[in-house]
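# What shape does this take:
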Amino acid sequence: MASPIFPHLAKPVKLIVLDRDGVINEDSDAYVKSLAEWIPIPGSLQAIARLCQAGWTVAVATNQSGLARGMFSATTLDDMHLKMQQLVMEEGGRIDLIVHCPHDPDDGCECRKPKPGLFRTIAEHFNLPDLKGVPVVGDSHRDLHAGMLLGGEPYLVKTGKGLRTLEGTLPPGTRVFDDLAAVVDHLLGSAA
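Predicted structure coming up:
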């Protein structure tokens with residue numbers, strides 16, 4: 001699959017949207033609540049760096065209802081994201097945009113995946129009408145569904161909750177990979 005390129009921008013963008021927990025870092029049913037609990041999945045940081053070095057723009061869209069539940073503070077979340085950014089930078093990459101939903105599932109917001117609010121924010125940030133053709137990488141149905149509402153292409157990883165997600169019916173056209181590194185191998189291999 002060729003990378004989506006948006007020529008109407010000052011600089012063409014090859015964009016990818018990643019979920020955080022279960023894709024970049026280890027997930028937990030008890031939530032990732034502290035800096036010490038934010039542990040990268042082996043190979044994920046290097047995979048992001050490889051994308052950046054190949055000219056991709058990386059965005060992260062993540063539900064963080066632990067904020068609304070009082071499990072951690074906004075400062076702790078910022079610290080986790082700073083750690084993620086620093087570790088990716090040490091590998092020679094960067095994350096261009098991180099957006100999160102701080103709401104509880106019962107709050108009725110428009111940003112919590114599977115609703116498309118976070119993806120709409122990403123599209124607006126990069127001056128895009130939608131995310132048509134943009135790889136959306138997640139480990140759950142809600143990640144894939146939210147991205148597809150704006151035209152994103154679903155990529156499921158088996159890390160995090162991915163194996164559980166595989167037990168259900170996947171959205172049409174979903175590509176399945178072992179982890180983020182395998183997704184990147186595919187994207188960079190098919191772009192060559």
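# Relative to M71, how far out is the closest residue to G147 other than its chain neighbours?
Distance criterion CB to CB, 6 or more residues apart in numbering; nearest residue to G147, sequence neighbours excluded, is V136 at 2.9 Å. C-beta: built from backbone N, CA, C; applies to glycine. Relative to M71, V136 is positioned 26 Å away (CB to CB, to the nearest Å).
# Compare those two (neighbour count), which wins?
V136 (29 against 15; other CB atoms under 10 Å).
# what sits against the more buried one?
For V136, the contacting residues are I16, V17, F119, D143, L144, A146, G147, M148, G152, E153, P154, Y155, by CB atoms under 8 Å, 6 or more residues apart in numbering.
# And the fifth one, how far from D130?
Same thing as L144. Separation of L144 from D130 (CB to CB): 16 Å.
# Would you confirm that the residue nearest to G147 belongs to a strand?
Yes: judged by DSSP: H, G, I helix; E, B strand; the rest coil, V136 forms part of a strand.
# Is it correct that D96 is in contact with A59?
Yes: with contact defined as CB atoms under 8 Å, D96 counts as touching A59 (6.0 Å).
# Any stretches of the protein with poor pLDDT?
Applying pLDDT under 70 to the chain flags residues 1-12, 190-192.
# Break down it into its helices, ranges please.
Counting by DSSP state H, the chain has helices at residues 44-53, 74-90, 117-125, 141-148, 162-166, 180-191.
# what about L144 and D130, which has more around it?
Neighbour count, other CB under 10 Å: between L144 and D130, L144 has more, with 25 against 14.
# How about the more buried one, nearest residue that isn't a chain neighbour?
P154 (3.9 Å).
# Tell me what that neighbour is bridged to.
P154 has these beta-bridge partners by DSSP bridges: V136.
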